[in-house]
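Q: Below is the sequence, then the predicted model.
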Amino acid sequence: MSQSQDPQAVHASAIVIDTHADTPQRFVDEHWDFTDPLNGGMLNYDSARKGNLDAQFFSIWVDPGQYPANASARRTLELIDGTLQQVRKNTDKLAPCTTSDQM
């Protein structure tokens with residue numbers, strides 16, 4: 001099998017981007033740090049590195065049944081701030097990207 005047909009080689013050479021993770025809810029609700037062990041979660045810094053993940057889009061999703069009307073705006077801001085706080089706490093490992101050039 002040539003290197004271009006080897007799935008591991010293709011994955012290792014690719015830019016890997018995950019476009020959806022609900023992890024910000026853990027940041028806020030569990031006061032969990034992205035660099036901590038998973039402890040029941042599906043994604044953390046170590047698993048991202050092991051999976052060759054280059055960029056992660058964190059989902060800012062608010063359950064309308066749990067956070068109606070006025071509360072949903074506050075919850076949205078809490079999730080955004082919780083995500084940005086992860087970057088501020090882990091500047092040696094994480095960086096915010098708001099453009100494709102930054103990735």
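A: Perfect, thanks for sending it. Numbering: from 1, shown residues only.

Q: Excluding its own residues, what touches the helix or strand containing Leu77? List them.
A: Taking DSSP states H and E as the definition, Leu77 sits inside helix 69-89. Judged by CB atoms under 8 Å, 6 or more residues apart in numbering, the contacts made with helix 69-89 from elsewhere in the structure are 24-25, 27-28, 33-34, 58, 60-62, 64, 67, 94-96. Every C-beta, even on glycine, is put in place using the N, C-alpha and C of the backbone.

Q: Highest neighbour count among the residues you listed?
A: Phe34 (25 neighbours; other CB atoms under 10 Å).

Q: Isn't it up against Ala21?
A: No: counting by CB atoms under 8 Å, Phe34 does not reach Ala21; the two are 9.9 Å apart.

Q: quick one: terminal-to-terminal distance for stretch 16-34?
A: Terminal residues of stretch 16-34 lie 18 Å apart, using CA to CA, to the nearest Å.
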